[in-house]
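Enquirer: Here you go, sequence then predicted model.
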Amino acid sequence: MANLTFQFPDGAPVALGYLIVTLDQDADAPGGLTLSAGRATKVFLDSSGTVANPITIPSSSLFPPTAQYIIKVFTAQGELIRGPYNTKT
């Protein structure tokens, strides 16, 4: 998720908002990591709406290769503004 910036429809950044990221299925990652489907991870956005501290595990490095991230975008006040949507990184 490095360098991802999130905006409202009017172009304003989702300042200090956050993402909830899950996987659509269990997957194995490099380094012997096993990631469980449905286990949510909260990812914070900075004042520009950019992922503040990216830790990236591209879906292309997951096994099975059909694994996708499910992302929901929230405002700083906790209002859902986008998602859920599936994505491959």
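Expert: Received, thanks.

Enquirer: Now for the closest residue to residue 16 other than its chain neighbours: which residues touch it?
Expert: Distances taken as C-beta to C-beta, 6 or more residues apart in numbering place residue 76 nearest to residue 16, at 4.1 Å, with adjacent residues excluded. Quick note: C-beta positions are derived from backbone N, CA and C, even for glycine. For residue 76, the contact set (C-beta atoms under 8 Å, 6 or more residues apart in numbering) comprises 14, 15, 16, 17, 18.

Enquirer: repeat that with 7 Å
Expert: Listed by C-beta atoms under 7 Å, 6 or more residues apart in numbering, the contact partners of residue 76 are 15, 16, 17.

Enquirer: contacting residues for the residue nearest the centre of the chain?
Expert: What sits nearest the mean C-alpha location of the chain, by C-alpha atoms, centre = their mean, is residue 21, with 4.2 Å. Contact analysis of residue 21 by C-beta under 7 Å, 6+ apart lists 41, 43, 69, 71.

Enquirer: neighbour-wise, which of the residues you listed leads?
Expert: Counting neighbours by other C-beta atoms under 10 Å, the top entry in the contacts of residue 21 is residue 69, with 23 neighbours.

Enquirer: Now do the phi/psi pair for that residue.
Expert: Dihedral pair for residue 69: phi -80, psi 140, per degrees, to the nearest 10.
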